[in-house]
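>>> Sequence first, then the predicted structure:
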Amino acid sequence: MTIQKILTKLESKKESLLGAAKEINKEFGHVSPEAVDLLADYFDMKPAEIYSAVSFYDHINVRPPASLTIRICDGANCSLKHSEKIIEEIEHFFGLREGDDFNPKVRIERESCLGLCEVGPVMIVNGTVFERVEAGRVGEILNRYV
Amino acid sequence: MKKIITKDWDKVIPADVKSYQKNGGYIALKKVTRMKPIEVIEEISQSGLSGRGGAGFPTGKKLEIATKQKDTERYFICNLDESEPGTYKDRMIAERNPHSLLEGIAIASYAIGAKRAYIYINGNFALARRMLDRAVEEAEKENCLGKGIMGSLFDLELTMVSGAGAYICGEESALINSIEGKRGEPRRRPPFVCECGLFGHPTVVNNAETIASIAWIIKNGAPKYKKIGDNFNSGTKLFCIDGAINSPGLYEAPLGTTVRELIFEFAGGLRAGTEYWFAQIGGSAGHLIPIGLLDEGPGYGKDVKIPVGSGSILVVDKSQDIKKLMLAWIRFFQRESCGKCVPCREGTFRLKAIIERLNNGNFDENDKEDFHKLIWTLDNTTYCPLGKFSVIALKDVVKYKYVKELNLSKNKSE
Ligand SMILES: Cc1cc2nc3c(=O)[nH]c(=O)nc-3n(C[C@H](O)[C@H](O)[C@H](O)COP(=O)(O)O)c2cc1C
Ligand code: SF4
Ligand code: FES
């Protein structure tokens, strides 16, 4: 789907901007400078205003994402269930530290509580949620993606 | 056990309007459209219902303030951004009985004369969003939303807005900025949002759990609601209980129920082999409850011993490493600081570095001094309450002397 198509589905009202940006992010992985210009036209705002708004939110990328993104909840509840151990396992698996962007293919990120504490610890690999993750089985899950 | 919000969860098919109506749904809304708005507000005020988003502001009062504004273009917003760590009660309401939210929203909107209402929902809540979308569609078909609701002159257009991953957007003025397509940064008050909120118009923002009790109050009457709870707090509260207990999950209990009862009677007691150390109530922005306070009932108001906050309880046993927990708390607030004011943006960052050193054994006297100064700064100088939230639990760690490196020497006052 093109950006224009995404936009024509939405009303050109301010309260649709966030939804539009999320939709573009979902389709293209990020909101590019060209997308910012199109959004600005459509919502009758300045590109700087659009950029300032969309770059604020965690769920919207303003740069192309890595092809494999692993997010781990490090909230207090998951932390008591050893999410730190899981982060270490993942770091070890890829030889990459959490938050680093040296590797254009893989990115490991910490995530705030997802409200899934009851079934934590939680890990999200390219959008797929894994619940009650055990440190010993992290490799097994990740092997499906590499 | 008295239940209000979760009462019908096992009976209704979520999002199915017929099923909700069969269980007494939308009767309150029908009743309301035959009442004067002021009578509706009166009933809610009489019930003693107070905001479940954390602060416990009297709901009736808030609605009343909005109606006092000259501007008659008014909005109602259901706050379903819920991102406090450990908390998922609002998500469950939306997933299990979305119509109970829609009915409450319609009643409150009617009361303040709002023709437009919004639900701002956490961007992670995919299932809850789907349930609500379907419920809205079905409610419109049955004339419970939309034009001329239930044969009255009351119109209500409901718009859903999904957040995009920002804890601060749960704060009402940041939430409003976010709906307006801006950065989710808090606004200066006054003006309060009920005077000047969304697009500059009077706006009432209520937490989803608050809203989920409104239809029950209208249907059963304020006196019946007021009877539930204790002398200071009316009604029931949802508690997400987790940690060193046998049955983690969501429980509804009358306010006034003690922490001991919540842990031992509701959540199945402590897991075998664990020993109670403390519990944290209200997520990462919550206070710590040492064993001596177990027989208190969490609630609202200045004088309460245990502020209930969002109501989630994390039970921590003696085998846990509190320094790691401190790191989890501060990491959260550092990441979620919106960056608008220096004390919070920098303070949480520095505090995180100090707590990291506390964890890897490189913590020294300078760190200790800085730690206490930063706590004071965050507690007293930030633009919005997030700064204060970030040190509530840390202050309790100091108060209860849980970490010896942080203890202040005798000749130094706090
Ligand atoms: C940092 C911060 C985060 C907040 N997060 C939420 C939230 O997720 N949900 C919520 O209902 N209220 C949240 N609040 C409180 C809201 O600002 C507001 O007081 C509340 O939605 C009012 O509803 P109530 O009166 O029904 O409690 C937050 C406040 C602050 C300062
Ligand atoms: S205290 Fe300041 S930086 Fe922190 S969230 Fe509030 S406004 Fe933003
Ligand atoms: S703390 Fe991990 S999902 Fe809530």
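On my side now, so go ahead. Residues are numbered from 1 along each chain as shown, chains lettered A, B, ... in the order given. Ligands and ions are numbered 1, 2, ... in the order given.

>>> what ranges do the strands span in chain B?
B:74-80, B:114-121, B:157-162, B:203-207, B:236-243, B:249-254, B:276-281, B:287-290, B:313-317 (DSSP state E).

>>> Let me have those strands in TSV, extended by distance to residue A:124 and mean neighbour count.
Any C-beta I mention is one placed from the backbone N, CA and C, and that applies to glycine too. Shown next, in TSV, are the strands of chain B (distance: least, C-beta to C-beta, whole Å; neighbours: other C-beta atoms under 10 Å in any protein chain shown):
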stretch	distance to residue A:124	mean neighbour count
strand B:74-80	21	27
strand B:114-121	18	23
strand B:157-162	17	18
strand B:203-207	26	26
strand B:236-243	19	26
strand B:249-254	22	20
strand B:276-281	25	24
strand B:287-290	30	21
strand B:313-317	22	25
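
>>> got the ones you listed as CSV, with distance to residue B:141 and mean pLDDT columns?
Below are these laid out as CSV (distance: least, C-beta to C-beta, whole Å; pLDDT from 0 to 100):
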stretch, distance to residue B:141, mean pLDDT
strand B:74-80, 21, 98
strand B:114-121, 18, 98
strand B:157-162, 14, 97
strand B:203-207, 25, 98
strand B:236-243, 29, 98
strand B:249-254, 30, 98
strand B:276-281, 41, 98
strand B:287-290, 46, 98
strand B:313-317, 40, 98
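
>>> Let me have these in a markdown table, adding distance to residue A:95 as columns.
Formatted as a markdown table, those follow (distance: least, C-beta to C-beta, whole Å):
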| stretch | distance to residue A:95 |
| --- | --- |
| strand B:74-80 | 40 |
| strand B:114-121 | 38 |
| strand B:157-162 | 36 |
| strand B:203-207 | 44 |
| strand B:236-243 | 33 |
| strand B:249-254 | 39 |
| strand B:276-281 | 35 |
| strand B:287-290 | 38 |
| strand B:313-317 | 33 |
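
>>> what's the pLDDT at the residue nearest the centre of chain A?
When chain A is reduced to its mean C-alpha position, the nearest residue by C-alpha atoms, centre = their mean turns out to be residue A:59, at 5.1 Å. pLDDT recorded at residue A:59 is 94.

>>> How much space separates it from residue A:108?
For residue A:59, the distance to residue A:108 equals 17 Å [C-beta to C-beta, to the nearest Å].

>>> Check what contacts stretch A:31-49 and list those residues.
A:3-4, A:7, A:12, A:14, A:16-17, A:20-21, A:24-25, A:28, A:50-51, A:54, A:60-62, B:181-182 (C-beta atoms under 8 Å, 6 or more residues apart in numbering or on different chains).

>>> By proximity to ligand 1, which residue of chain A wins?
residue A:115 (10.3 Å; C-beta to the nearest ligand atom).

>>> pLDDT score assigned to that residue?
We have a pLDDT of 95 for residue A:115.

>>> Not counting residues beside it along the chain, what's closest to it?
residue B:88 (3.8 Å; C-beta to C-beta, 6 or more residues apart in numbering or on different chains).

>>> do you know how far residue B:216 is from residue B:226?
Counting by C-beta to C-beta, the gap from residue B:216 to residue B:226 is 12 Å.

>>> ok, those two, which is more surrounded?
Taking other C-beta atoms under 10 Å in any protein chain shown, residue B:216 and residue B:226 do not tie; residue B:216 has more neighbours (24 against 15).

>>> re the thing from before, which residues touch the residue nearest to the centre of chain A?
Contact analysis of residue A:59 by C-beta under 8 Å, 6+ apart lists A:22, A:25, B:123, B:163, B:164, B:165.

>>> Give me the subset of those that lies in helices.
A:22, A:25 (DSSP state H).

>>> surely residue B:344 meets residue B:379?
No: with contact defined as C-beta atoms under 8 Å, residue B:344 does not count as touching residue B:379 (11.0 Å).

>>> Who has more neighbours out of the two?
A count of neighbours by other C-beta under 10 Å puts residue B:344 above the other of residue B:344 and residue B:379, at 27 against 18.

>>> Can you name the residues that contact that one?
Counting by C-beta under 8 Å, 6+ apart, residue B:344 makes contact with B:337, B:338, B:378, B:382, B:383, B:384, B:386, B:387, B:390.

>>> any idea which of those is closest to residue A:77?
residue B:390 (17.4 Å; C-beta to C-beta).

>>> Can you show me the strands along chain A?
Secondary structure of chain A by DSSP E: the strands cover A:68-73, A:106-111, A:123-125, A:128-130.

>>> distance of the residue of chain A most remote from its centre from residue A:18?
Going by C-alpha atoms, centre = their mean, the residue of chain A most distant from its centre is residue A:44, 27.2 Å out. Distance of residue A:44 to residue A:18, computed by C-beta to C-beta: 16 Å.

>>> same deal with residue A:52?
Distance from residue A:52 to residue A:18, counting by C-beta to C-beta: 13 Å.

>>> again, but for residue A:139
Taken as C-beta to C-beta, the span from residue A:139 to residue A:18 is 37 Å.

>>> Those two - which one has more neighbours?
Legend: neighbour count by other C-beta under 10 Å for residue A:139 and residue A:18, higher for residue A:18 (28 against 12).

>>> tell me the pLDDT at the more buried one?
Taking residue A:18 on its own, its pLDDT is 96.

>>> Go ahead and confirm it touches residue A:50.
No: taking contacts as C-beta under 8 Å, residue A:18 lies outside contact range of residue A:50: 10.8 Å.

>>> Can you tell me which residue is spatially central in chain B?
The centroid of chain B falls nearest to residue B:53 when counting by C-alpha atoms, centre = their mean (2.7 Å).

>>> which bits of the stretch 301-414 of chain B sit near chain A?
B:312, B:314, B:316, B:320, B:324-325, B:327-329, B:331-332, B:335-336, B:338 (C-beta under 8 Å from any C-beta of the partner chain).

>>> again, only this time at 10 Å
Counting by C-beta under 10 Å from any C-beta of the partner chain, the positions of the stretch 301-414 of chain B adjacent to chain A are B:312, B:314-317, B:320-321, B:324-329, B:331-333, B:335-336, B:338-339, B:393.

>>> so which of the residues you listed are also by ligand 2?
Checking these against ligand 2 by C-beta under 6 Å from any ligand atom, the ones in range are B:338, B:339.
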